[in-house]
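**Student:** sharing a model that was predicted from the sequence below.
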Amino acid sequence: MYKTVQFAREDLFNQVWETPLSRLAEEIGVSDVALAKACRRAVIPLPGRGYWAKAIRSRPKKPSLPRLKDSYYAVVSFRIVDVIDAPKLSKLTTPKGDHIPVAATLDSPHPLIAKTLQEARRAKETQGHLQLDRTRALNIRVSLDMLDRTTRLLNALITASEAQGYVWKIQTSGDTVVIADGETMKLLVKERLTKRDLPPPALTKRHAGSRWEPNLTALLAPKYEWLPTGQLSFHIEEYFSGSAQKNWNDTARTQLEDKLHEILAGFAPAAAAIRALKEGREAQKRMWEQQEQERKAKTRKVEEQRRLRHKLVQATERWERAQRIRTFCDTVSTRLESYPTEMQSAAAAWLAWASQQAAKLDPLEGDLAHLFSLEAQVEEWFSESTFHQEQSTDWWSVKK
């Protein structure tokens, strides 16, 4: 029901400077706010306010695209509703089924309703709502006067939904959930409250001759109170996008008793929207993981080349040092020709030893297989942070 649309950063930069943001957002299938946020994350400059209202000659010059520090934003992605599946989703959101009757009295309440009523017997009312233990009762936030109506509504809805295979649960986390088509959705029924300011308390008169004490009555007294209105609303407390409905309310013309079949019919599209959101997030996660793997592989490849170059420089420097020693030995040998024979005999042993030391330095002596190998072992624990820490100046880092 949803698909991911991707833009190269440079392409999106060109488009936002060729088409007004609101029109471009409509073409993509997102809001202009979402498009602007995506551009800011990708460090894409946007035209200023009033840019498109000006004549072409009067418009500011298009800026250059800034460098991107994080290659993750080289591709900008949007998750939008698939136009092919949009009609299917709209069909799912159409209320189906017959009107669900609500009993006038609870003769045989559902077990979850019975637990809620039992918990309500010992609950206190605070700020207009009953303070129920939601690990033992349904997630309802209503006044005592609305408890009977709320439980009768939910009793009818739970019974009708379980007949269609849905499962209701009170979780230890304090959430009331319904499991529809494999998706778990949190639910809430609450009563709207109104806020009424309270008059300040009357100040107590101080008797003549009495000791003065600060009067904190006005500071400690409540400033307002919450009053129940008798208006109920039913909520699916999950985030999802699309046209699936998640809230139903009492209105001046209709009450929740007349909308139970709509609520029941709304579970399926809500579950589909939640599933589509999860799939979109999983696809985004897989794409991010793939990009992360590619980025790490690229970093390891750069490190491998750096180590091979370092090996080449080391071999070159060893060869140069060996050549310097040999040149020095040749110079010493030439100088010895003018010295007595006794000294030449004594120096011969030293020259032989010095030649051996030069051979040990020379990488071209012996087996050359190690010199021609293009493999450099990079440790498994190597990371980008290590890569940046180990960077040093070499021959190739000098700019031309």
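**Tutor:** Thanks, I have it.
**Student:** alpha carbons only for contacts and neighbour counts from here, please
**Tutor:** Fine.
**Student:** SS state for Lys195?
**Tutor:** With DSSP: H, G, I helix; E, B strand; the rest coil as the basis, Lys195 sits in strand.
**Student:** thought it was touching Lys223?
**Tutor:** No. Proximity of Lys195 to Lys223 does not meet the contact threshold set by C-alpha atoms under 8 Å, at 10.2 Å.
**Student:** any residues touching stretch 105-120, and which ones?
**Tutor:** Residues from elsewhere that reach stretch 105-120 (C-alpha atoms under 8 Å, 6 or more residues apart in numbering): 130, 132-133, 136-138, 151-152, 154-155, 158-159, 170.
**Student:** mind listing which of these are in strands?
**Tutor:** With DSSP state E as the criterion, strands contain Leu130, Ile170 from among the contacts of stretch 105-120.
**Student:** name the member of the contacts of stretch 105-120 with the most neighbours.
**Tutor:** Using other C-alpha atoms under 10 Å as the neighbour criterion, Leu138 leads the contacts of stretch 105-120 with 29 neighbours.
**Student:** can you tell me how far that residue sits from Gln171?
**Tutor:** For Leu138, the distance to Gln171 (C-alpha to C-alpha, to the nearest Å) stands at 9 Å.
**Student:** same question for Ala160.
**Tutor:** Counting by C-alpha to C-alpha, the gap from Ala160 to Gln171 is 21 Å.
**Student:** also Asn249?
**Tutor:** On the measure of C-alpha to C-alpha, Asn249 and Gln171 end up 25 Å apart.
**Student:** which of the two has more neighbours?
**Tutor:** Of the pair Asn249 and Gln171, Asn249 is the one with more neighbours under other C-alpha under 10 Å, namely 18 against 15.
**Student:** so what pLDDT did the nearest residue to that one once chain neighbours are set aside get?
**Tutor:** Nearest non-adjacent residue to Asn249, counting by C-alpha to C-alpha, 6 or more residues apart in numbering: Ser233, 4.2 Å away. Note for Ser233: predicted pLDDT of 96.
**Student:** SS state for Ser233?
**Tutor:** Secondary structure assignment for Ser233 (three-state DSSP): strand.
**Student:** may I have the beta-bridge partners of it?
**Tutor:** Taking DSSP bridges as the rule, Ser233 bridges to Lys190, Asn249.
**Student:** pLDDT below threshold where in the stretch 301-400 of the chain?
**Tutor:** Applying pLDDT under 70 to the stretch 301-400 of the chain picks out residues 384-393, 398-400.
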